[in-house]
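Engineer: Okay, here's the prediction I keep looking at, along with the sequence it came from:
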Amino acid sequence: MKRRIPTVRPRRPVFIGVEGKSEQAFVKFLQHLCDEHSRDLSLICAKGSGGDTVTIVREAHRTLKKRRGRIQYKDRLVLLDEDRVDADLQAGLDAKAVASEFGFEIIYQAPNLEGLLIRLHLGFEQKSVARGTEGERLRKLWPEYGKPPAAHQLIRRFGLDDLRRAAQYDQELKRLLDVISL
């Protein structure tokens, strides 16, 4: 008698370029939620080495070019901190134009990842966070927080309900959740 091998549904790859380790941990957190909620997605994270927003987009493009032959990505994203955009534009750096040239969609974190993490806390979904105060405010809500956070810390701290609640007031987060079917 032949043994029946279960079929495994293929995962849709989603490419996500990020600035550094903190954002990479956030993408791992998102992957955990996708797995936990049976989303057939594979979030492929390309960690950059920091810098301005255009540099982050260009690093994501270089990483994607290296992988291009192996995987076709329908969704290609770059997570950027919104608080850097004005200074970069004043310096003549337009991440949106470069992203468009390379076929990336930008998702802005307002004002940055720490600001987003503040809004994931119950009751803080609508809170605006002044630039430069995010770390201090986040540590008041989450004394154990350390930068960069580890993915397992985010997984223990937050869940899909937190993301969805915050996304009601954050269009960029909502777009990200739509792309990854959460």
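Structural biologist: Structure's in. What do you need?
Engineer: Which of the three states applies to residue 77?
Structural biologist: strand (DSSP: H, G, I helix; E, B strand; the rest coil).
Engineer: so what's it up against?
Structural biologist: Residues in contact with residue 77, defined by Cβ atoms under 8 Å, 6 or more residues apart in numbering, are 14-17, 104-107, 176, 179. To be clear about C-beta, it is placed using only N, CA and C from the backbone, and glycine gets the same treatment.
Engineer: all strands in this structure, in order from the N-terminus.
Structural biologist: 12-18, 41-47, 75-81, 105-109 (DSSP state E).
Engineer: What residues sit buried inside the worst-scoring helix or strand of the chain on mean pLDDT?
Structural biologist: Lowest mean confidence among the helices and strands of the chain (mean pLDDT, DSSP states H and E): helix 85-90, at a mean of 88. For helix 85-90, burial by neighbour count (16 or more other Cβ atoms under 10 Å) applies to 85, 88.
Engineer: Quick one: list the elements packing against that helix.
Structural biologist: Other helices and strands packing on helix 85-90, by 3 or more Cβ pairs under 8 Å, 6 or more residues apart in numbering; DSSP states H and E, are helix 53-67.
Engineer: which other residues reach the helix it packs on?
Structural biologist: Against helix 53-67 from outside (Cβ under 8 Å, 6+ apart): 15, 17-19, 44, 46, 48-51, 73, 76, 78, 80-81, 84-85, 88, 93-95, 98-99, 102, 104, 106.
Engineer: Likewise for stretch 149-163?
Structural biologist: 22, 25-26, 28-29, 32-33, 36-37, 117, 120-122, 142, 144-146, 173, 177, 182.
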